[in-house]
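> quick check, what structure comes out for this input:
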Amino acid sequence: MATQVQLRRGTSSENDSFTGAQGELTFDTTNKRVRVHDGATAGGFELKTENSSGDTLFADGEKAIFGAGSDLQIYHDGTQSIIHDAGTGNLRIKGTDITIQDADGNGFISMIDGGAGGTVFLKHLGSNVLTTTSTGIDVTGTVTADSFQADSGNTNYNLLARNSSNVAAYIQNGGSGPVLEARSGNMSAGQGDLHLQVANNGDISFYDDTGTTPKFFWDASAESLGIGTSSPSRTLDIEATAASVEINSTAGGANLYLTSVTGNLSRIRWNGLASFAIRDDNAASDRLVIDTSGNVGIGTSSPGYRLDLGIISNGTTAFNVTNGSNSNLRFKVEDSVSTIMNTGGSGALAFTSGGSTERMRIDSSGNLLVGTTDPAPYVSSTETGVALRNAFGLVGASRDSGASAIFNRLNLDGNIAEFRKDGTTVGSIGTNGSRLYAGTGDTGLFFNDQLDSIDPWNTSTNAARDAAIDLGDSTRRFKDLYLSGGVYLGGTGSANHLDDYEEGTWTPSYNTASGLANITGFTNVEGKYVKIGDIVHAVAAFDITHSGVETMVTGDWIVVEGLPFSGEKIGIASVYGLIGTGHVYSSLGGNANATAFIQLFSSGTGFYFFIQQINGTVDTADTLYVNLKYST
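Residues are numbered from 1 along each chain as shown. Have a look, this model is predicted:
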């Protein structure tokens, strides 16, 4: 086993009072440190040790000293931490990037190695406020200085702020040039973008953002101020695309006073509460007022309308507009009638809306025209509009593809339009049950779309008038009457209904015969008919042709076809004719002299007659005449 060496040991207090022998070592069991003694100093001297983390420990006031002459000292004096360069030469801190931070690691100063000194950043509350650059410094925020260093090396200027050789602002001490200029940009004296210039004659110019044109100019000799112009023509001359001026009163109303050397005083004022006014202070009266509702008053301080001219004398022209030559538009107020006048020239008085679109005019002849400038649009094939003709007492209207006049009556039935001659009603158009009537007095027509009928009407009582109105008279007749239905004559029942009347021609044709073999047909045929309702009255004449002598005997018959309408029953019928050398007389039913009778086909398209008695033979072309009345 190795030999164990033990040192004298004791608490910190015991070590503090122990002097020991020269070169003797003791161990401080309180602070866990070794002390070396010189045999004369109580407590001896502590040897620096490391803790468990490897830190070298120094008590307050103990220093880490470097250099033969204690040149560099690092210590904590109990209050402050101190790095003290006590020797010759400079204190140098070297590193690629160097940052000075607070206890929480927040930076105050940062130095970034750029290869030849790099960049230095000064921070305030974590943000850069000053940065070194290749040309100087870049400051973020405001620089507050107790003084400004003048450039005494340039005798042409009293004050010169320069960036290297480029001038930003200067004050000149004399000569013919400006006495003060402020410039920016890449420039030398008298160059760059100009912002402010004070000339040696007292003129002051502020320039626009181009640095070439003065936009705020004080003309010292004329004592005039120009805004937007360098040549003011008035004491205050403001020129701009959209010029505006603001006068802001922080308490009460705002006033712009206008006065003259004679003492006359007027002002433009805003009283801060209710109105803007142009006031005549000599008369203590507001001449023009605009209130908070936008109402404008002239001659009144409390306008109740968009334009209120107040109280003016009866017959006084309240408003006049002139074109400077011979036309005036005037508004005149009188007790009996108020007037709008175009007093000059021969022009019209026009009204527009929707911009410059004319909607109505009163022309030089006094015609009122709406939607047109033509006094007679109602005779045009292209013009539309409404004209009230002054001299004619005429109302005319023209419309494209629509009704030119619309009249609307509300609530009760009655006249919608009345027509008068010399002040007396001569006719009317009205409504009953949402349907139209028109007429004069008790004679009119009612248009009934519910029953699809036109009825006789009494316009005076607005009621139907039955069996009292004629259609025409003996000297005023209608020409033709076209009907698709029938006519009720003498009554309203079905027996009074006549639904057909027709006139025409028909062609009798030979069909066949019994007992008359030599008959070949009919020639010289003609026939006519009249149809009234279901009764047909037909007449015909024809010649019988045959191939040889034909003798007729009782019981022979001939069939004739071609009736104009199919029949159901014969009412009246007769045949008259020449047969050979004798005559035939026959009728429906026959008589003592009858030689034939007539009967319809079952098909109704023809008829036949039987020869009951004959006097002669058929040996030439014999003619028969037929008269029929039958029902369809």
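> other SSEs contacting the host helix or strand of residue 181?
Assessed by DSSP states H and E, residue 181 sits inside strand 180-184. The contact analysis (3 or more CB pairs under 8 Å, 6 or more residues apart in numbering; DSSP states H and E) places strand 180-184 against strand 166-172, strand 193-198. (Each C-beta comes from the backbone N, C-alpha and C, glycine too.)
> in a helix, residue 378, correct?
Yes: under DSSP: H, G, I helix; E, B strand; the rest coil, residue 378 falls within a helix.
> please name the nearest non-neighbouring residue to it.
Spatial nearest neighbour of residue 378, excluding adjacent residues (CB to CB, 6 or more residues apart in numbering): residue 396 at 3.4 Å.
> least confident of the helices and strands packed on strand 180-184, on average?
The minimum mean pLDDT among the helices and strands packed on strand 180-184 belongs to strand 166-172 (a mean of 55).
> how does this protein divide into domains?
Per automatic domain parsing, the domain ranges recorded for the chain read 8-85, 97-139, 157-238, 254-308, 419-479, 501-631.
> so which strand or helix has the closest residue to residue 353 other than its chain neighbours?
Nearest in space to residue 353, with sequence neighbours left out and distances taken as CB to CB, 6+ apart, is residue 359 at 5.2 Å. Following DSSP H and E, one finds residue 359 within strand 357-362.
> could you point out which element follows that strand?
Following strand 357-362 in sequence, per DSSP H and E, is strand 368-370.
> buried sites along that next one?
368-369 (16 or more other CB atoms under 10 Å).
> again with stretch 204-214
204-205, 207, 214.
> farthest-separated two in those?
Spatial extent of those (CB to CB) is set by the pair 204 and 207 at 11.1 Å.
> how is residue 13 assigned, secondary-structure-wise?
From three-state DSSP, the assignment for residue 13 is helix.
> gap between it and residue 630?
Going from residue 13 to residue 630 by CB to CB, to the nearest Å gives 169 Å.
> kindly report the same for residue 37.
In terms of CB to CB, residue 37 sits 176 Å off from residue 630.
> of those two, who's got more company?
residue 630 (24 against 21; other CB atoms under 10 Å).
> in the sheet, who's paired with the more buried one?
Applying DSSP bridges to residue 630 gives these bridge partners: residue 536, residue 570.
> one step back: quick check, nearest of the buried residues of stretch 204-214 to residue 261?
residue 204 (27.3 Å).
> partner residues bridging that closest one?
Under the criterion used (DSSP bridges), residue 204 bridges to residue 198, residue 218.
> contacting residues around it?
By CB atoms under 8 Å, 6 or more residues apart in numbering, the contact list for residue 204 reads 196-198, 217-218, 220.
> show the buried residues in those.
196-198, 217-218.
> what does the strand holding residue 359 rub up against?
348-353, 368-371, 373.
> buried ones in stretch 59-72, by neighbour count?
Quick answer for stretch 59-72 (16+ other CB under 10 Å): residue 72.
> pull the helix or strand with minimum mean pLDDT from the protein.
When the helices and strands of the chain are scored by mean pLDDT, DSSP states H and E, strand 582-587 comes last with a mean of 44.
> that older thread, near the residue nearest to residue 378, how many other residues are there?
By other CB under 10 Å, the burial measure for residue 396, its neighbour count, is 22.
> quick one: mean pLDDT for the helix or strand where it lies?
Here residue 396, judged by DSSP H and E, is contained in strand 394-398. Strand 394-398 carries an average pLDDT of 91.
> parallel or antiparallel, list what pairs with it.
strand 385-389 (antiparallel).
> mind saving the C-alpha coords of the top strand by length along the chain as PDB?
Counting residues, the longest strand found in the chain (DSSP state E) is strand 519-532. Presented in PDB, the C-alpha positions along strand 519-532 are these (Å, rounded to 0.1, in the frame of the first residue of the first chain):
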ATOM      1  CA  ILE A 519    -132.700   8.700-124.800                       C
ATOM      2  CA  THR A 520    -129.000   9.500-124.900                       C
ATOM      3  CA  GLY A 521    -128.700  12.600-122.700                       C
ATOM      4  CA  PHE A 522    -129.300  16.300-122.200                       C
ATOM      5  CA  THR A 523    -128.100  19.300-124.200                       C
ATOM      6  CA  ASN A 524    -128.500  23.100-123.800                       C
ATOM      7  CA  VAL A 525    -128.400  22.600-120.100                       C
ATOM      8  CA  GLU A 526    -128.700  25.500-117.600                       C
ATOM      9  CA  GLY A 527    -129.800  25.700-114.000                       C
ATOM     10  CA  LYS A 528    -130.000  28.200-111.100                       C
ATOM     11  CA  TYR A 529    -130.700  28.000-107.400                       C
ATOM     12  CA  VAL A 530    -131.400  30.000-104.300                       C
ATOM     13  CA  LYS A 531    -130.700  28.500-100.800                       C
ATOM     14  CA  ILE A 532    -132.300  30.100 -97.700                       C
END
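> which secondary structure elements does that strand contact?
Looks like strand 519-532 contacts strand 501-505, strand 509-514, strand 535-546 (3+ CB pairs under 8 Å, 6+ apart).
> tell me the angle of the second one relative to strand 519-532?
Our comparison of strand 509-514 with strand 519-532, counting by axes from the mean of the first three to the mean of the last three CA atoms, to 10 degrees, yields an angle of 120 degrees.
> now for strand 509-514, which elements pack on it?
Using 3+ CB pairs under 8 Å, 6+ apart: strand 509-514 touches strand 519-532, strand 556-561.
> buried residues, it. List them.
510-511, 513.
> stretch 123-137 too?
Those would be 123, 130, 132, for stretch 123-137 by 16+ other CB under 10 Å.
> also stretch 501-520?
506, 508, 510-511, 513, 515-516, 519.
> how about the most centrally placed residue in the chain, phi and psi?
The chain has residue 354 as the residue nearest its centroid, 12.1 Å off, counting by CA atoms, centre = their mean. Reported as degrees, to the nearest 10, the phi and psi values for residue 354 are phi 60, psi 40.
> next one: the one 10 residues further on
In terms of degrees, to the nearest 10, the main-chain angles of residue 364 are phi -70, psi -20.
> surely it touches residue 348?
Yes: here residue 364 reaches residue 348: they are 6.1 Å apart, a contact under CB atoms under 8 Å.
> which one's more surrounded, the two?
Looking at residue 364 and residue 348 with other CB under 10 Å, you find the greater number of neighbours at residue 348, namely 15 against 12.
> could I get the helix or strand encompassing residue 128 in PDB with only the CA atoms?
Secondary structure assignment for residue 128, by DSSP H and E: strand 127-132. The C-alpha trace of strand 127-132 is given here as PDB (Å, rounded to 0.1, in the frame of the first residue of the first chain):
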ATOM      1  CA  SER A 127     -32.800  47.000 -32.700                       C
ATOM      2  CA  ASN A 128     -29.900  48.500 -34.600                       C
ATOM      3  CA  VAL A 129     -29.900  52.300 -34.300                       C
ATOM      4  CA  LEU A 130     -26.400  53.000 -35.700                       C
ATOM      5  CA  THR A 131     -24.500  50.900 -38.300                       C
ATOM      6  CA  THR A 132     -21.100  51.700 -39.800                       C
END
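> the longest strand of the chain vs strand 501-505, what angle?
160 degrees.
> pull up the pairing partners for strand 519-532, direction included.
strand 501-505 (antiparallel), strand 535-546 (antiparallel).
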